[in-house]
Every structure is written in structure tokens, then in C-alpha cells.
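Colleague: Fold the stuff below for me.
(2 chains)
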Protein chains: 2
Amino acid sequence: MLDYPLLAALAAVVREGGFDRAAAVLGVTPSAVSQRIRALEERVGATLVVRSQPPVPTEAGARLCAHVERVRLLESELADLPALAGPEEGPATLRVAVNADSLGSWFLPAAARFSAATGALLDLVLEDEEHTAARLRTGEVLAAVTADPTPVTGCRTRALGALRYVASASPAFLARHFPEGVNPTALARAPVLRFDRKDGLQARWVRQTIGHELKAPTHWVPSTQGFLDASLAGLGWALNPLPLAAGHLAAGRLAELVPGRPLDVPLHWQHARLGARLLEALTREVAAEARRRLVMTA
Amino acid sequence: MLDYPLLAALAAVVREGGFDRAAAVLGVTPSAVSQRIRALEERVGATLVVRSQPPVPTEAGARLCAHVERVRLLESELADLPALAGPEEGPATLRVAVNADSLGSWFLPAAARFSAATGALLDLVLEDEEHTAARLRTGEVLAAVTADPTPVTGCRTRALGALRYVASASPAFLARHFPEGVNPTALARAPVLRFDRKDGLQARWVRQTIGHELKAPTHWVPSTQGFLDASLAGLGWALNPLPLAAGHLAAGRLAELVPGRPLDVPLHWQHARLGARLLEALTREVAAEARRRLVMTA
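Modeller: Here you go, the predicted structure:
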């Protein structure tokens, strides 16, 4: 077996972002933490954590941290044998990647129910589509809500339904920029919002709805709620998640550019095949919330 | 003078995230864009953009892009001489760094008023406290809303007031975890939210209000609105920006852990000393919105 007190020190330094804080969590001195990590590095024969502020794990260090989290998750299956746990053991933490629009619009009630029922903690990280598959493969995250359906080795994928987006803006913005309706000329002049360089949703909606390539003055707003607030304030038009926009549409603070033409983005839940009950409990809550808030696709 | 058609091609590739999209914006072929960038690289004698997906500027490339944006901003001062502008010239874009809680709670109405009055576009990027000063110095961003008051060479700093945070949770969470009020024992057991590893606000509030070092089970939720939603859903307690929490406090969906004990975080507006009217107009709107939504400190 590996030397788990040494591994736990490494995981604590990375998770807490510092040697002093790791020491406080582990209930030992900072120099004991340093010694444990040096001992581990001597055995492995490689640097495991770069001593920066905050400390950053090397690739080997990150793999060991991911291993520790998986072992702790499996240990949580033995919670009916409480005498086994050491005095300093806290609840297990599940690291889960979630795309920004899901985190900002529907995911959290599922997280709260899961945590209330199990006592487990969640470490939510924003999904970066380009890296989520790699992080699932190495076990750095145990599960992910993602728009990327690419199957990942060692993971199970289940369709969650689609997040519905509506092309929307404030009524004043629509009156100013689209007095004669939504046509290519007006779309070329009306400011549009984009989340970041990878956000192609607005262009996709224009292609699908108007059959035209969008080329328009662009405001960049890298926040789901900021996107909605910018739409409400009349900065531009944008595709907003329907769970966030619905109340504003009903109250007349937002209006659709072309009523009844939403865009659906299918989402997936990918999780490690670990058979751990905590992960199964989280999967159940995520699927239940998705049934309520997402749109079922054929 | 530098060769601005070449520089504009470089800036478009970086801003649009691709050679094809830059070509569409400039109204030339993708191979013309490639040729211009190669010509510029030959003159400079260095690679300016790494041909990845999306293309990433080198340090020299980023400095040239920042220069192009500044020149375009100064050009916008000449907008009363419209015959000077080329046919493909769009409005100027100002790149501004904003900390996540400001972007999610008060900044956007100022942005919308500025844009409606001037027609200028905004490229908002999330502030990373460790890098904002460097990005201001190189001119990569023209201005920043930041909690970091460190003066930056070539920039003017003005105090905006403080963003007020309230330690808050759902009433059900308070009843479950703090039945006898907020004391060190209960705080050590009640799950707390943290935005990321750098977020020390919750610990600072506990130190200030209870005189105790916070060490508690932690959920990590890296989103301003997600933080609020997680508090509402009962995942944990957290320091939420008052502009977002006020309505929920009034309606009884959130309650303060210790009533009347907020925490104020002073914010600053740092901007390039460029004397450009657009930047002055944005500064006025940001200061006006700050007076309405932030707390004036002594």
C-alpha cells in the first residue's frame, strides 16, 4: 500500500492552497507537512508540487491528488463502520466540472439536495470544454456537466436533456435596433454579446433562424449572470438560458428577437465508473433536476 | 509610422480568435491575413502569434495588439471628421478588467449607458488580481475595477467606494446549523462556501465578527450568481454582495448570520492616463453607478 499520511499532506497542500493552511486542517505543524511532502518526493523521485503562492502540483502530483480523492470517496462507502475513521477525517469532497451556464441557471438545487442528504462536499470547477475530457480521464474531476458528448475512457455518459436558450434583448433595444424586425441589415449593426472567443451560440442562432453569417459589433461579457444583466440593461442582444430569462420575458423586461425560435444545447453527465454510492446519489439528483429544468430532446 | 494594415490584421486575428474570422471582419481573404502577419513578423524579426486553435499572441504580439487598441481609441477622438475613416472601420473597443463580484452585481448598467451614449464597444475580462496590474502596465487592458489598490505606473487610481457583503444563508440552513446562534463550535461544523482558493472573505468575516480562525467543511463554487444560488438552496453560508442579496433578505429567502455585521471591500478604478474622451466618458458612468450601488467609505 502507498503511504497515505504522506499522500494526505500533498492533497491538503494542493486543496488548501498553502502549507500553513494544510497544516491547520491536518492538525500538524507546517514543518511536518513539508517533511511529508519531501519524503514523498524522494520516494517518487520527482517534484510533486511547485512551491509557489499558491503551490501548484506537477503532473505527477496532480495524479497522486486525484488518487487520494478517489480513495477518500471509496472510504466514504465504509461510513457505517465509524470506528475506522481517524479523528481528523472530514466528509468526502467530490470535484465536479460544470459548464458556466448550467452552474448559473439550474445545477445548484441538485447540489444542495445531494449535500443535505449525504453530508458530502462539492468542489465545483468551471468546465473548460477543451480540458474536461482530460481531467475526467486522469480522475482530477469525478464527473462533469458538459456540452461535449465525446465519450471518455473509464467514464459513463448519460444525456441530461438540452438547455434552452432564447435570443433576447430589452424592449428598448429591440425598438432602437430592430424597428423593422430582425433582418440581415439590422443584425449587422446591432451590438451583440459574446461570452468569450469560443462562444458561437449567437452566430449559430442567426445561421439557423435567418440563414445568414453574423458579423456585428460585439461586446464581450464573460459571466452568465453578467450576460443576462447586460441584455436587461440594453448593452446588446444575446442568447440567454431560458431558466434565467423566463421571468424577465414574462414581465416584459426582455423580449425575444424572433418569438418561438429558441436554440437547444444538449448537455451530458459524464462520470467515473467507480460504483461509489456518493457518486450514484449525485447522479440521481443531477438527473432529477435536469428533468425539471432542461428540455427533453428526441 | 508603423504599417497599420499589417498591425490591424494581427489585432483582428487575436481578437476574433482565428484567421478566417479575422479575414471576414477585415473584408479580405484568409491568405491575405496570413501574408500580412508573416510580413509583420519578418520586419519585427520574431513570431507574433502562435498558430494554435485559437491563435495565441506571443509577448511581442500582445504588445502590438495593445498598441493597436490604443491607437484606435485615440482615432475615435477624430470621429467628427468622418471622411477620414475607412469603409470597414467599426466602433472602438475598450478592454476593461472587472472583478467577478462587480460584474455580477453592479457594473453593467454603467457599461450600457456608456455604450448607448458613445456607440463604443466593451471587451470585459474577469479581473485576476495577480495579473491586472501587469495588464494595465502593458496596456492590454485600458482600465480595471479592482480590489487591489496598488498604484500602476502610467495609470490613475480613484476610489469607487466599497462593495458591501453580508454573511448570509437560507433560514432553513440557519435553523439546522446555528440553532443556538453563531459560535465557534457551530461554525466549525456548518458548511461554508468559497469562490476559489484565493477567496478569504468568509474567513476574514469570522475573524472580524467572532474573533476566531474559520476551519469548516467547504463547498467550492466559482461563480458570483452560483454563490448566491447555492446560499438560497441551502448548500452553505457565504458572504454575498448586498446588491444581489438585498431582495432575498427582504423577502426572507436569505437571512444574515449575525444581523448588522456586513463586511465592506473597497474597490478602485484604475485607468490609463490617455486623455481619451471615450475613457473619460466610461470613467464618469462607472463613478456614477458606484455612487448609487456601493457604500461610501470614510
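
Colleague: From A:Gln202, how far out is the residue of chain A most remote from its centre?
Modeller: Outermost residue of chain A with respect to the C-alpha centroid, by Cα atoms, centre = their mean, is A:Glu180; its distance is 39.4 Å. As judged by Cβ to Cβ, to the nearest Å, A:Glu180 and A:Gln202 stand 20 Å apart. Backbone N, C-alpha and C define where each C-beta goes, glycine included.

Colleague: And the helix or strand hosting A:Val14, what does it pack against?
Modeller: Here A:Val14 sits within helix A:4-16, counting by DSSP states H and E. Contact here means 3 or more Cβ pairs under 8 Å, 6 or more residues apart in numbering or on different chains; DSSP states H and E; on that basis helix A:4-16 packs against helix A:19-26, helix A:30-44, strand A:49-50, helix A:59-75.

Colleague: repeat that with 10 Å
Modeller: If contacts are counted by 3 or more Cβ pairs under 10 Å, 6 or more residues apart in numbering or on different chains; DSSP states H and E, helix A:4-16 sits against helix A:19-26, helix A:30-44, strand A:49-50, strand A:56-57, helix A:59-75, strand A:93-98, strand B:218-220.

Colleague: Next, count neighbours for A:Arg204.
Modeller: Using other Cβ atoms under 10 Å in any protein chain shown, A:Arg204 has 15 neighbouring residues.

Colleague: can you give me the angle the helix or strand hosting it makes with helix B:19-26?
Modeller: For A:Arg204, the enclosing helix or strand under DSSP H and E is helix A:201-210. Relative orientation of helix A:201-210 versus helix B:19-26 (axes from the mean of the first three to the mean of the last three Cα atoms, to 10 degrees): 70 degrees.

Colleague: Who are the packing partners of helix A:201-210?
Modeller: With contacts defined as 3+ Cβ pairs under 10 Å, 6+ apart, helix A:201-210 has these neighbours: strand A:155-169, helix A:184-189, strand A:192-194, strand A:238-241, strand A:263-272.

Colleague: coming back round to it: confidence-wise, which of the helices and strands packed on helix A:4-16 is weakest overall?
Modeller: Ranked by mean pLDDT, those end with helix A:59-75 at the bottom, a mean of 82.

Colleague: mind checking how far that helix is from the chain centre?
Modeller: 19 Å (Cα atoms, centre = their mean, to the nearest Å).

Colleague: tell me which residues in it are buried?
Modeller: Buried positions in helix A:59-75, judged by neighbour count with 16 or more other Cβ atoms under 10 Å in any protein chain shown: A:Gly61, A:Ala62, A:Leu64, A:Cys65, A:Ala66, A:Val68, A:Glu69, A:Val71, A:Arg72, A:Leu73.

Colleague: and the most centrally placed residue in chain A, how far is that from B:Leu64?
Modeller: By Cα atoms, centre = their mean, chain A has its centre lying nearest to A:Val98, at 1.7 Å. Separation of A:Val98 from B:Leu64 (Cβ to Cβ) stands at 37 Å.

Colleague: do A:Asp196 as well
Modeller: Distance, A:Asp196 to B:Leu64, by Cβ to Cβ: 22 Å.

Colleague: ok, back up a step: which of the helices and strands packed on helix A:201-210 has the highest mean neighbour count?
Modeller: strand A:238-241 (a mean of 27; mean count of other Cβ atoms under 10 Å in any protein chain shown).

Colleague: which intervals of chain A have sub-threshold pLDDT?
Modeller: Low-confidence segments of chain A (pLDDT under 70): A:77-90, A:298.

Colleague: And it, split by domain according to the record?
Modeller: According to automatic domain parsing, chain A comprises the domains A:1-90, A:163-264.

Colleague: So which of these is the most surrounded?
Modeller: Taking mean count of other Cβ under 10 Å, domain A:163-264 is the most buried of those, at a mean of 19.

Colleague: Just the endpoints, please. Distance across that domain?
Modeller: Across domain A:163-264, the terminal residues are separated by 6 Å (Cα to Cα, to the nearest Å).

Colleague: coming back round to it: closest to A:Met1 among the buried residues of helix A:59-75?
Modeller: Sorting the buried residues of helix A:59-75 by distance to A:Met1 puts A:Val71 at the head of the list, at 10.2 Å, by Cβ to Cβ.

Colleague: Apart from its neighbours in sequence, what residue is nearest the closest one?
Modeller: A:Tyr4 (7.5 Å; Cβ to Cβ, 6 or more residues apart in numbering or on different chains).

Colleague: Over to A:Tyr165?
Modeller: Using Cβ to Cβ, 6+ apart, the nearest residue to A:Tyr165 is A:Leu239, at 4.1 Å.

Colleague: and the gap between the one you found and A:Pro262?
Modeller: A:Leu239 is 9 Å from A:Pro262, by Cβ to Cβ.

Colleague: who touches both of those two?
Modeller: By Cβ atoms under 10 Å, 6 or more residues apart in numbering or on different chains, A:Leu239 and A:Pro262 have these common neighbours: A:Arg164, A:Tyr165, A:Val166, A:Ala167, A:Ser168, A:Trp205, A:Ala245.

Colleague: OK, contacts around the residue lying closest to the fourth one once chain neighbours are set aside?
Modeller: Nearest non-adjacent residue to A:Ala167, counting by Cβ to Cβ, 6+ apart: A:Leu257, 4.3 Å away. By Cβ under 10 Å, 6+ apart, the residues touching A:Leu257 are A:166-169, A:173-174, A:177-178, A:181-182, A:186-187, A:190, A:205-206, A:209-210, A:237-239.

Colleague: so can I have JSON lines of the domains of chain A showing distance to B:Ala290?
Modeller: Shown next, in JSON lines, are those (distance: least, Cβ to Cβ, whole Å):
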{"stretch": "domain A:1-90", "distance to B:Ala290": "30"}
{"stretch": "domain A:163-264", "distance to B:Ala290": "15"}
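
Colleague: thinking again about what came up before, thought B:Gly226 was touching the residue nearest to the centre of chain A, still the case?
Modeller: Yes: in this structure, A:Val98 is within contact of B:Gly226 by Cβ atoms under 10 Å, at 8.5 Å.

Colleague: what touches both of these two?
Modeller: A:Gly104, A:Phe107, A:Leu108, A:Ala111, A:Leu124, A:Leu126.

Colleague: What about these, which are in strands?
Modeller: Mapping these onto strands (DSSP state E) picks out A:Leu124, A:Leu126.

Colleague: ChimeraX command for the buried members of the shared contacts of A:Val98 and B:Gly226?
Modeller: Buried residues among these (16+ other Cβ under 10 Å), as a ChimeraX selection:
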select /A:104,107,108,111,124
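
Colleague: from the shared contacts of A:Val98 and B:Gly226, which are also near chain B?
Modeller: Filtering the shared contacts of A:Val98 and B:Gly226 for neighbours of chain B using Cβ under 10 Å from any Cβ of the partner chain leaves A:Gly104, A:Phe107, A:Leu108, A:Ala111, A:Leu124, A:Leu126.

Colleague: who touches the closest residue to the first one other than its chain neighbours in this structure?
Modeller: Taking Cβ to Cβ, 6+ apart, and ignoring the residues beside it in sequence, A:Gly104 has A:Thr224 as its nearest neighbour in space, at 3.2 Å. Taking Cβ under 10 Å, 6+ apart as the definition of contact, the neighbours of A:Thr224 are A:99-105, A:195, A:240-241, A:244, B:104, B:223-226.

Colleague: Fine, thanks again, bye for now.
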